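Undergrad: A structural model of the following input is requested.
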Amino acid sequence: MKSNLFQIISLLVVCLSLVYCDRPQCTNNNPIFEQNQPDSKIYKEELARKLKEVDQTKLRYWLQKYEEKNGKEYLYFYVQGDGLCAKIMLTMNNWERLEDLRKKKGVTYRGAKFTNLKYEIRQSAGNTEFIYKSYREIID
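TA: Numbering: from 1, shown residues only. Next up, the predicted model:
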């Protein structure tokens, strides 16, 4: 009897952890996000516009991947909330508190939720860039 009860409780704990740690599904209704890559000019311009329209406190971020391109390093995040369902490509100039993530090139952090993710939106000379600033916590 105790064995069955233990198995049921263990199964329940595993199921709950899978549900609560996973990124919720979102539906994208924006054709620009559907038809373009997050590093494209049009995608970044549209994302910057949308980010200015939504309530920032309702946004949630999950790490998608690390990428190194043309001597620069980037982290891609799924960004969801307040009707937004997109990906954001953050330029990484500051790796404070993220040294291990950088060393592992994001591999063991994929899917982790970043709370209170902060970044700067820079738009100049027809270019849009999202510059990483900080985060509060990583929930893996």
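
Undergrad: who's the residue positioned nearest the centre of the chain bridged to?
TA: Centroid-nearest residue in the chain, with C-alpha atoms, centre = their mean: Phe77, separated by 2.5 Å. Phe77 forms beta bridges with Leu63, Ile88, as assigned by DSSP bridges.

Undergrad: mind pulling up the pLDDT for Lys52?
TA: On the pLDDT scale, Lys52 is placed at 96.

Undergrad: wait, Asp82 touches Lys52, no?
TA: No. Using C-beta atoms under 8 Å, Asp82 is not in contact with Lys52, being 11.9 Å away. All C-beta atoms are positioned from the backbone trio N, CA, C, and that covers glycine.

Undergrad: who has more neighbours out of those two?
TA: Per other C-beta atoms under 10 Å, whichever of Asp82 and Lys52 has more neighbours is Asp82, with 14 against 9.

Undergrad: how close does that one sit to Lys113?
TA: Here the criterion is C-beta to C-beta, to the nearest Å. By it, Asp82 lies 17 Å from Lys113.

Undergrad: what's the answer for Leu75, then?
TA: From Leu75 across to Lys113, the span is 13 Å (C-beta to C-beta).

Undergrad: which element is Glu34 on?
TA: helix 31-35 (DSSP states H and E).

Undergrad: show residues contacting the following helix or strand past that helix.
TA: Using DSSP H and E, the helix or strand that follows helix 31-35 in sequence is helix 41-53. For helix 41-53, the surrounding residues in contact (C-beta atoms under 8 Å, 6 or more residues apart in numbering) are 30, 32-33, 36-38, 84, 86, 88-89, 121, 123, 126-130.
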